[in-house]
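**Q** the following block contains a protein sequence and its predicted model.
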Amino acid sequence: MSPVHGWNVALMTLVLVTLVAIGIRRARHGHTAAVRTLPGIATIERAVATSVAAGRPVFFVPGSRDLDNMQTVAAVALLEPVAAMVAERDGRLVVPTNRSMVMEAARTACRKGYADAGCADAWHDDQVLYISDDPLGFVAQVDGMIVREKPGACFFFGFFASESLLLAEGGRQVGAIQVAGTASPVQLPFFVAACDDTLMGEELFAASASLSGDAALLGSLRGQDLGKMVAVSLLVVGGIAATVATVTGWGFVHDMAGVLDVLLETR
Amino acid sequence: MIHPLAVSHDFGVWVGALLTLMVFSFLYRDNPFYKFAEHVFVGVSAAYWMVIGFWTTLWPRVIVPLIPEASRIVSSDTPLPERDLSAVVPAVLGLMMLSRLVPRLSGLARWPTAFVLGTTAGYAVVRYVRSDFMHQIQATIGDGVLIPAAGGGWNVAESLAALVTLSGTIFGLIYFMNTRRGGTVTTPAARIGLLVLMVTFGASFGSAVMARISLLVGRLQELLGDWLGLL
């Protein structure tokens, strides 16, 4: 990337960050945007209620990567309201993790969730387990736990690689209601096939904002949508300009397509 | 071609084959053989990653920079590297993580966690804007949706592919607009976006299943070939 083109990245970053900042500021002043209904969220609530009513534990797996992965952060954010849901119904939550930092973050989130539900005393740190950094070793143990403890609900949120189908099949084998959420496009098909509901891509981030009801998160979501509108506008304008320039060879359209090309140039 | 049975005399091959069969036994139901393989796998992998973590991170990035003489423990003729006191920072952050073990000091562990989250978020913003936003938009626009053929006229197949890519991306983005009123997927554009996603998932599922089958073939080759000598 040339130094000149570094400026276009800086400009685009500034635009997108500003949109998110505006969204957060407006939300803090009471202008919160409504989040569209995500079927996965309703299934989470149903799964927790059904599982607890049946006296079965609830499993929550916050991905198989460390805290330096944004999906893990989103999964841990989602864990807090789920922990509160389980605590309110006097259920048992089990959170297997495969990174020490994720284990610590998950314990903090669960502690807060239980406290929010007024059940701080019911929480025990050993409900969040560290198993192994190795993803497949982790899956082997979690699948074994699922088969032995027979959870009524399994939630798989965050980044997964080849573990996705192995985990989801384990839960399906014991008849658990399963909800997954990942932004990993290669693994989404497995979750879609094996789970009752799947939060696809950015729905994972939207779900944590929606469940928590936090104004800053909801505002951030609005800002991200404005960013997507920018992307759609650039695609429509760029697509039309490039096509017209190719078909007609008109100079000004060619120049316009060229400007867009320079604006988006990253190599 | 199937050869007469010629069972391997290699201890490693036997261990691999028996552990594979123990794991496969889970397909029937949970059983003591699977439990044994599971615990061996978890124990070995946890220990393996701890050793990897020590020799690839702790040793070269913290211990040797702070105590260069330590490098002589591994190799006596290694030239001593210069002392790098900046390694104190990760060392202290790492020790702060261990403060969880002392309830009175457990709050200190939040600092390294916050450090990791903060640097990740800051670093990821620019990286994502560049590669996942700008570069993707530019690649999707390409040369538009009408691609000229080499001998004049239009290349119908490539033009169609470009049109599907551009429109699929736009509809997909519309599907992921999360802040709007109404039900699950309200607009026709969002419905098309969902359809595009599902078609993509179907294709991706097929290719991933093929990759898994090749893994299974690899294990069967090891069982029937290396272990039993039938292949």
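**A** Structure's in. What do you need? Numbering: from 1, shown residues only, chains lettered A, B, ... in the order given.
**Q** if I read this right, residue A:181 contacts residue A:207, doesn't it?
**A** Yes. The pair residue A:181 / residue A:207 is scored as a contact, 6.4 Å apart, by CB atoms under 8 Å. C-betas here are computed from N, CA, C, even on glycine.
**Q** what is in contact with these two at once?
**A** Residues touching both residue A:181 and residue A:207 (CB atoms under 8 Å, 6 or more residues apart in numbering or on different chains) are A:40, A:78, A:199.
**Q** please report how far the residue nearest the centre of chain B lies from chain A.
**A** The centre of chain B sits closest to residue B:208, judged by CA atoms, centre = their mean, with a distance of 14.3 Å. With distances taken as CB to the nearest CB, to the nearest Å, residue B:208 is found 6 Å from chain A.
**Q** and that residue, what does it touch?
**A** Residue B:208 touches A:186, A:189-190, counting by CB under 8 Å, 6+ apart.
**Q** can you give me the buried ones in the helix or strand containing it?
**A** Element membership for residue B:208 (DSSP states H and E) is helix B:188-221. For helix B:188-221, a neighbour-count test (16 or more other CB atoms under 10 Å in any protein chain shown) marks B:189-190, B:192-194, B:196-197, B:201, B:204-205, B:208 as buried.
**Q** dump those to TSV, plus pLDDT.
**A** Shown next, in TSV, are these (pLDDT from 0 to 100):
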residue	pLDDT
B:189	88
B:190	88
B:192	92
B:193	91
B:194	90
B:196	93
B:197	91
B:201	89
B:204	86
B:205	85
B:208	81
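**Q** quick check: pLDDT value at residue A:5.
**A** Per-residue pLDDT puts residue A:5 at 61.
**Q** surely residue A:199 is in a strand?
**A** Yes. Residue A:199: assigned to a strand according to DSSP: H, G, I helix; E, B strand; the rest coil.
**Q** any idea what it is bridged to?
**A** Bridge pairing for residue A:199 (DSSP bridges) gives the partners residue A:181.
**Q** how far away is it from residue B:151?
**A** 48 Å (CB to CB, to the nearest Å).
**Q** higher neighbour count, the two?
**A** A direct count of neighbours by other CB atoms under 10 Å in any protein chain shown for residue A:199 and residue B:151 places residue A:199 higher, at 29 against 6.
**Q** so the more buried one sits against residue A:183, correct?
**A** No. With contacts counted by CB under 8 Å, residue A:199 stays clear of residue A:183, the gap being 9.2 Å.
**Q** secondary structure class for the residue located most distally from the centre of chain B?
**A** For chain B, the residue at maximal distance from the C-alpha centroid (CA atoms, centre = their mean) is residue B:152, at 45.0 Å. Three-state assignment for residue B:152 (three-state DSSP): coil.
**Q** what pLDDT does it get?
**A** Note on residue B:152: pLDDT of 82.
**Q** can you list the weak-confidence ranges in chain B?
**A** Residue ranges of chain B with pLDDT under 70: B:1-2, B:181-186.
**Q** at 80 instead, please
**A** Along chain B, segments meeting pLDDT under 80 span B:1-4, B:78, B:180-186.
**Q** excluding chain neighbours, what is closest to residue B:72?
**A** Distances taken as CB to CB, 6 or more residues apart in numbering or on different chains place residue B:78 nearest to residue B:72, at 6.4 Å, with adjacent residues excluded.
**Q** contacting residues for the spatially most central residue of chain A?
**A** Nearest residue to the geometric centre of chain A (CA atoms, centre = their mean): residue A:204, 2.8 Å. Shown in contact with residue A:204 (CB under 8 Å, 6+ apart): A:71, A:74-75, A:78, A:157-158, A:181-183.
**Q** give me the number of residues near the closest residue to residue A:85 other than its chain neighbours?
**A** Once flanking residues are discounted, residue A:85 sits nearest to residue A:48: 4.7 Å by CB to CB, 6+ apart. Residues lying near residue A:48 (other CB under 10 Å) number 26.
**Q** try residue A:182
**A** 27.
**Q** that one against residue A:157, yeah?
**A** Yes. Applying CB under 8 Å, one finds residue A:182 in contact with residue A:157, separated by 7.2 Å.
**Q** any common contacting residues for the two?
**A** Common contacts of residue A:182 and residue A:157 (CB under 8 Å, 6+ apart): A:63, A:71, A:199, A:204.
**Q** with pLDDT added, can I get the residues you listed in JSON lines?
**A** Converted to JSON lines, the shared contacts of residue A:182 and residue A:157 look like this (pLDDT from 0 to 100):
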{"residue": "A:63", "pLDDT": "94"}
{"residue": "A:71", "pLDDT": "92"}
{"residue": "A:199", "pLDDT": "94"}
{"residue": "A:204", "pLDDT": "90"}
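**Q** and those, which two are the farthest apart?
**A** The most widely separated members of the shared contacts of residue A:182 and residue A:157, counting by CB to CB, are A:63 and A:199 (12.6 Å).
**Q** what's the overlap in contacts for those two?
**A** What both residue A:63 and residue A:199 touch, as defined by CB under 8 Å, 6+ apart, is the set A:157, A:182.
**Q** mind listing what residue B:177 touches?
**A** Contacts of residue B:177 (CB under 8 Å, 6+ apart): A:36, A:225, A:228-229, B:190.
**Q** give me the buried entries from those.
**A** By neighbour count, with 16+ other CB under 10 Å, these hold A:36, A:225, A:228, B:190 as buried.
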